[in-house]
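J.: this one's sequence-less:
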């Protein structure tokens with residue numbers, strides 16, 4: 001079986017480039033190489049495949065390399081391409097990936113799981129009366145990698161809203177999701193597998209000189225990470241229970257990370273599910289000390305669970321292989 005690891009330039013920072021092009025680095029290749037190396041160490045036949053602007057060239061590469069399954073698909077375009085040509089891939093499908101943050105929150109709320117109340121705004125000059133409790137938090141409705149997030153995104157007064165909404169609508173080119181800001185502890189829960197998903201140790205993200213998890217705070221590994229999170233047993237059980245329910249309700253596949261705020265009331269509030277969550281298990285810098293690749297939150301959780309990179313990435317891949325029945329196909333080939 002041949003595994004192709006996708007990589008695409010600027011995949012993690014393409015939205016932030018529109019706001020601070022001078023303050024970003026591209027870790028796309030290094031991240032993919034981490035996965036490639038892990039799978040190679042685990043004994044898989046694996047190759048790197050760059051996602052091209054012309055998908056026909058990508059398809060040619062896949063056919064030339066005789067790839068059976070793709071790892072590291074990281075956008076709706078890539079998922080739609082793989083679905084169109086019937087190429088198996090690791091991760092969530094066309095039923096979940098296209099949904100924006102608001103749609104995911106609506107599904108979670110419909111299933112009676114806690115998530116902050118919200119509204120959507122698409123015009124900074126025509127913001128309607130907002131029936132939400134201040135403070136508020138504003139973010140891109142389809143944001144990624146904390147793009148567009150800084151401390152100014154926490155809104156304490158109505159007059160602060162237009163500037164932040166404009167940053168999102170005009171610079172990033174998306175609608176703004178405005179939700180009630182829940183004060184508490186930021187936690188994130190990685191889950192791997194499909195038929196019998198495994199919940200990894202909880203990661204708590206403590207802010208370092210910021211009020212929220214800003215782009216630079218996250219992508220430059222400036223957070224204070226606690227994993228496993230230092231929380232009471234009953235809170236741990238509650239958080240993992242909500243995370244697993246969200247994972248199943250949204251039909252996530254093979255791996256995802258669920259972001260939540262543990263409120264002062266002890267309730268874990270769902271914020272977002274990351275279907276293309278970072279899996280790297282270390283930070284890397286170049287000889288001059290410049291960031292090359294940041295540490296993935298699921299990587300912290302995997303290490304806390306006692307996993308090596310080859311075991312961690314291998315389990316995720318095997319989930320997809322089992323889901324597609326590819327092992328059975330290999331057996332059929334051997335016996336035919």
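T.: Thanks, I have it. Just so you know, these numbers come straight off a predicted model, no measurement behind them. Numbering: from 1, shown residues only.
J.: Only C-alpha atoms from now on, for both contacts and neighbour counts.
T.: Noted.
J.: Could you list the low-pLDDT ranges of the stretch 151-300 of the chain?
T.: Applying pLDDT under 70 to the stretch 151-300 of the chain picks out residues 214-215, 217-220.
J.: Point me to the helix or strand that includes the closest residue to residue 276 other than its chain neighbours.
T.: Spatially, and ignoring its direct neighbours in sequence, residue 276 is nearest to residue 74 (5.8 Å; Cα to Cα, 6 or more residues apart in numbering). In the assignment (DSSP states H and E), residue 74 maps to no helix and no strand.
J.: Pull up the gap between residue 74 and residue 138, please.
T.: 24 Å (Cα to Cα, to the nearest Å).
J.: What of residue 280?
T.: Distance from residue 280 to residue 138, by Cα to Cα: 28 Å.
J.: buried stuff in stretch 252-271?
T.: 252-262, 267-271 (16 or more other Cα atoms under 10 Å).
J.: Figure out the length between the terminal residues of stretch 139-158.
T.: Stretch 139-158 end-to-end distance (Cα to Cα) = 16 Å.
J.: What are the contacting residues of it?
T.: Under the criterion Cα atoms under 8 Å, 6 or more residues apart in numbering, residues 12-13, 15-16, 19, 100-102, 134-138, 161, 164, 167-168, 172, 174-178, 181, 210-215, 218-219 lie in contact with stretch 139-158.
J.: run the last query once more with 6 Å
T.: 15-16, 100-101, 134-138, 168, 174-177, 211, 214-215 (Cα atoms under 6 Å, 6 or more residues apart in numbering).
J.: Would you write a ChimeraX line that selects the buried entries of those?
T.: The ChimeraX selection below is limited to those of the contacts of stretch 139-158 classed as buried (16+ other Cα under 10 Å):
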select :15,16,101,134,136,137,138,168,174,175,176,177,214,215
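J.: Sitting in strands, which of the contacts of stretch 139-158 do you find?
T.: Judged by DSSP state E, these include 136, 137, 138, 176, 177 as members of strands.
J.: from memory the last one sits against residue 123, does it?
T.: No: with contact defined as Cα atoms under 6 Å, residue 177 does not count as touching residue 123 (11.6 Å).
J.: Provide a complete list of residue ranges assigned to helices in the stretch 151-300 of the chain.
T.: Taking DSSP state H, counting those that start in this stretch as the criterion, the stretch 151-300 of the chain contains helices spanning 161-166, 215-219, 233-249, 297-304.
J.: And those: which comes nearest residue 25?
T.: helix 215-219 (8.9 Å; Cα to Cα).
J.: what are the ranges of the helices in the stretch 1-150 of the chain?
T.: Counting by DSSP H, counting those that start in this stretch, the helices of the stretch 1-150 of the chain are 28-41, 55-65, 76-84, 101-110.
J.: How far does the shortest one sit from its chain's centre?
T.: Its chain's C-alpha centre lies 17 Å from the corresponding centre of helix 76-84 when counted by Cα atoms, centre = their mean, to the nearest Å.
J.: can you pull the buried residues of it?
T.: 78, 79, 81, 82.
J.: what's the spacing between the last one and residue 68?
T.: For residue 82, the distance to residue 68 (Cα to Cα) stands at 11 Å.
J.: what sits in contact with each of these two?
T.: Counting by Cα under 6 Å, 6+ apart, nothing touches both residue 82 and residue 68.
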